[in-house]
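[1] okay, here's the prediction I keep looking at, along with the sequence it came from:
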Amino acid sequence: MESGLTTMAGLSPSKRRLQKELMSLIREPPPGVRVDGDSAGQNLTQWIVHMEGAKGTLYEGERFQLQFKFSSKYPFDSPEVTFIGNIPVHPHVYSNGHICLSILTDDWSPALSVQSVCLSIVSMLSSCKEKKRPPDNSFYVKTCNKNPKKTKWWYHDDSV
């Protein structure tokens, strides 16, 4: 008998793509990244990805969780990605977990994947020189939409 993670018959194209990405992330995760395959296999439209700060960075040894939510239009529509639980203090991460990263909205492409998003977030955290919140954090958190994809982001600085 096949497990839910290996059966693709009857899945929509979106869910087939998610199934392939999930298997790839389970088999060959990027360093410091791990997906809970059991829970993601139960619900392909919402995943929890565990991430650990890379060695030699400001976030070394810190553990974070990302929540990925996928619409039925994935991969043509980007996933909704937010930090949950322990939210890193970073100039592009708001205290509510929203992430200001262009590939999550305007620069999304169907050629991107969960793995490439994870690598971009690891890179973003690894290149940070100072732990601080975005300058507009307080205002944004009070006024933002619950879904970060509905935010019209202004990309101020990509050097952190």
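    Alright, I've got the coordinates. Residues are numbered from 1 along each chain as shown.
[2] host element of W47?
    W47 belongs to strand 46-52 when assigned by DSSP states H and E.
[3] ok, the helix or strand that that strand is followed by: who's next to it in the sheet?
    Heading C-terminal from strand 46-52, the first helix or strand you meet, by DSSP H and E, is strand 63-69. With DSSP bridges as the test, strand 63-69 is paired with strand 46-52 (antiparallel), strand 80-84 (antiparallel).
[4] just to revisit the earlier point, list the buried residues in the strand holding W47.
    47, 49, 51-52 (16 or more other CB atoms under 10 Å). (C-beta placed from N, C-alpha, C; glycine too.)
[5] tell me which residue lies nearest the centroid of the protein.
    V81 (4.2 Å; CA atoms, centre = their mean).
[6] show me the longest helix that occurs in this structure.
    Secondary structure of the chain per DSSP state H: the longest helix is helix 13-27.
[7] circling back: closest one to Q115 among the strands paired with strand 63-69?
    Among the strands paired with strand 63-69, the nearest to Q115 by CB to CB is strand 46-52 (9.7 Å).
[8] and the end-to-end length of stretch 128-146?
    Start to finish, the residues bounding stretch 128-146 are 26 Å apart (CA to CA, to the nearest Å).
[9] follow-up on the earlier one: now do the contacts for the residue nearest to the centre of the chain.
    Contacts here follow CB atoms under 8 Å, 6 or more residues apart in numbering; on that basis V81 touches 66-69, 99, 101, 104, 117, 121, 148.
[10] picking that back up, what lies in contact with the strand holding W47?
    With CB under 8 Å, 6+ apart, strand 46-52 has contacts from 22, 25, 32-36, 39-40, 61-70, 84, 114, 118, 121-122.
[11] which secondary structure elements does the helix-or-strand element of the chain with minimal mean pLDDT contact?
    Using mean pLDDT, DSSP states H and E, the weakest-scoring helix or strand in the chain turns out to be helix 37-42, at a mean of 84. Helices and strands touching helix 37-42, by 3 or more CB pairs under 8 Å, 6 or more residues apart in numbering; DSSP states H and E, are helix 13-27, strand 46-52.
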